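In: With the input below, show me the fold.
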Amino acid sequence: MARETGVSRNKLIVRACEAYVDQARSEWPEDFFADKRVPPRDLRELHGSFQDWLEQIAASRRNRATRPF
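Out: Sure, this is the predicted structure:
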């Protein structure tokens with residue numbers, strides 16, 4: 001399938017995951033991703049650790065021509 005669509009296997013997997021999450025999102029509570037559900041201190045910590053995570057992913061990628069997300 002990856003060859004037929006002209007993308008890498010990794011890109012195909014990412015697209016499949018994105019499609020699944022988009023489809024499943026309608027099953028989650030409307031405000032599931034809202035910042036108001038998380039206390040401000042925890043929210044700051046989550047945002048900081050997410051940035052660290054993104055930096056680690058970017059540093060370990062072989063193909064750095066495109067952003068991971």
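In: Lowest mean pLDDT among the helices and strands of this structure, which one is it?
Out: Least confident helix or strand of the chain, by mean pLDDT, DSSP states H and E, is helix 40-60 with a mean of 82.
In: Format the CA atom coordinates belonging to that helix as CSV.
Out: This file holds the C-alpha atoms of helix 40-60, laid out as CSV (Å, rounded to 0.1, in the frame of the first residue of the first chain):
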residue,chain,number,x,y,z
PRO,A,40,-3.0,25.0,35.6
ARG,A,41,0.1,23.6,37.3
ASP,A,42,-0.4,20.2,35.7
LEU,A,43,-1.1,21.8,32.3
ARG,A,44,2.2,23.8,32.4
GLU,A,45,4.1,20.6,33.3
LEU,A,46,2.4,18.7,30.5
HIS,A,47,3.2,21.4,27.9
GLY,A,48,6.8,21.4,29.0
SER,A,49,7.2,17.7,28.9
PHE,A,50,5.5,17.6,25.5
GLN,A,51,8.0,20.1,24.1
ASP,A,52,10.9,18.0,25.5
TRP,A,53,9.3,15.0,23.8
LEU,A,54,9.1,16.7,20.5
GLU,A,55,12.7,17.9,20.7
GLN,A,56,13.8,14.3,21.4
ILE,A,57,11.9,13.0,18.4
ALA,A,58,13.2,15.6,16.1
ALA,A,59,16.8,14.9,17.3
SER,A,60,16.5,11.2,16.6
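In: For that helix, enumerate the helices and strands it packs against.
Out: With contacts taken as 3 or more C-beta pairs under 8 Å, 6 or more residues apart in numbering; DSSP states H and E, helix 40-60 sits against no other helix or strand. All C-beta atoms are positioned from the backbone trio N, CA, C, and that covers glycine.
In: quick check: domain ranges of this structure?
Out: 1-33, 38-69 (automatic domain parsing).
In: how about a markdown table for the ones you listed, with mean neighbour count added?
Out: Below are those laid out as a markdown table (neighbours: other C-beta atoms under 10 Å):
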| stretch | mean neighbour count |
| --- | --- |
| domain 1-33 | 10 |
| domain 38-69 | 10 |
